[in-house]
Structure formats: structure tokens, C-alpha cells
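>>> generate coordinates for the sequence data below:
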Amino acid sequence: MAELSTMARPYAKAAFEYALASSALAEWSKMLATAAAVANSENVGKLLASPSLTTEQQAQAFIDVCGDELNAGVQNFIRILAENKRLALLPVVSELFEAQKAIQEKTVDVELITAFPLDSESEQRLADALTKKLERQVKVHSREDRSLIGGIVVRTGDLVIDSSVRGRLAKLAEALHS
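A predicted model of the protein is given here:
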């Protein structure tokens, strides 16, 4: 996966800089997500792997599949990726683009996992506390996992805060076994 990220990074950076300069981050984000979904399609994967198509034909076929979802700038970007035989990198390019967009907008997605549903007031207090801690605007996504028994697990990127009963019991068991 690291190799794919390395190859995709310059394309994601170029797309991000272009979108930022043209004040179109949200539009490019949506269009790249669409293109990434199309690139992940099994049928499109077969099409892209076909040696009988030129890079121009691959790009045009890809653009045709996307229909009116892509503007001229993203279509040109698709053509450049095809010319360099990098269309398969679109899902990684989209992911890296989203990461740069989040940094630019100072936002972060946070997943709150609780044993029981949180009321909106508690969720808002947690979001406010995380906004202060992370110094970013927090977008909260909540879900339930009854196996936690109680408490909460907070996940964002590579940061995990586990204050669940299950997590504490696991730490206790680990301490007793060492």
C-alpha cells in the first residue's frame, strides 16, 4: 500500500492545488470520489487492464462511464492519469486528496463508539471537548457496540482513545499476565 501512496501522492497534490486555486475543493472532492468508485468497479478494472485499448481510449471510456459527473478539469485529470497508466490509482488519489482537504479546512472525522446510544447533548459536549483538544472542527460519527459493556472509544486517524469497560478489562488482564 505504501507504494501506491507514493505513486498517487503527486497526482493528489496536483489535483488539490488546482482545486484550491480555483476554489473548488468540495466539487473536486465529490468528483474524485465518484471517479474512485468507478475505478474500483470490477468491470472498469477489466476495461483498464485490456491491452487492446490505447490510453486515450481508456480515458474516454472511463469518462463516458462517469457521464456528466465530471467537469472538464477532472476529465483532463483522468486523461493525464490514463496517459501515465495511473488510472488504477484513483481510489488512493481520492483518499490523499481528502486528507489534504481536511488539513486545509482544519476538520477531522471522529468516530464515537459507545455501548449505548448517546443523547445529543452528550455527543455535543464530546465534540466540543475534542474540538479543543485536536484544534480542528470535529465531524462526529456515532455508532453502538454493546460488547464495550460501558464507556466510549474515540477514533480519529491513528489516534484511539479507549475508555471502555472492555478496554480497561483487557488492560487489566494484560497487566495480570505479565
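>>> and the longest helix seen in the chain, what does it pack onto?
Criterion DSSP state H: the longest helix present in the chain is helix 2-21. Applying 3 or more Cβ pairs under 8 Å, 6 or more residues apart in numbering; DSSP states H and E, one finds that helix 2-21 makes contact with helix 25-40, helix 72-83, helix 90-105. All C-beta spots, glycine's among them, are computed from the backbone N, C-alpha and C.
>>> Ile61 reaches Asn43, doesn't it?
Careful, residue 61 is Ala and not Ile. No - using Cβ atoms under 8 Å, Ala61 is not in contact with Asn43; the gap is 10.6 Å.
>>> give me the more crowded residue out of these two.
Ala61 (16 against 9; other Cβ atoms under 10 Å).
>>> packing partners for the helix-or-strand element of the chain with minimal mean pLDDT?
Within the chain, no helix or strand scores below helix 42-49, which has a mean of 82 by mean pLDDT, DSSP states H and E. With contacts taken as 3+ Cβ pairs under 8 Å, 6+ apart, helix 42-49 sits against helix 25-40, helix 55-66.
>>> using CSV, write down the CA coordinates of that helix.
C-alpha atoms of helix 42-49 as CSV (Å, rounded to 0.1, in the frame of the first residue of the first chain):
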residue,chain,number,x,y,z
GLU,A,42,-14.7,-4.8,-11.4
ASN,A,43,-15.9,-4.2,-15.0
VAL,A,44,-14.0,-1.0,-15.3
GLY,A,45,-10.9,-2.7,-13.8
LYS,A,46,-11.1,-5.3,-16.7
LEU,A,47,-11.5,-2.5,-19.2
LEU,A,48,-8.5,-0.6,-17.8
ALA,A,49,-6.4,-3.8,-17.9
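>>> need the residue closest to the centroid of the chain.
Glu95 (4.3 Å; Cα atoms, centre = their mean).
>>> so who does it touch?
By Cβ atoms under 8 Å, 6 or more residues apart in numbering, Glu95 lies in contact with 12, 36.
>>> quick one: it from Lys133, how far?
When distance is defined by Cβ to Cβ, to the nearest Å, Glu95 is 25 Å away from Lys133.
>>> then Ala99?
Ala99 is 20 Å from Lys133, by Cβ to Cβ.
>>> do the same with Ile63
Distance of Ile63 to Lys133, given as Cβ to Cβ: 43 Å.
>>> now do Leu96
As for Leu96, its distance to Lys133 is 25 Å (criterion: Cβ to Cβ).
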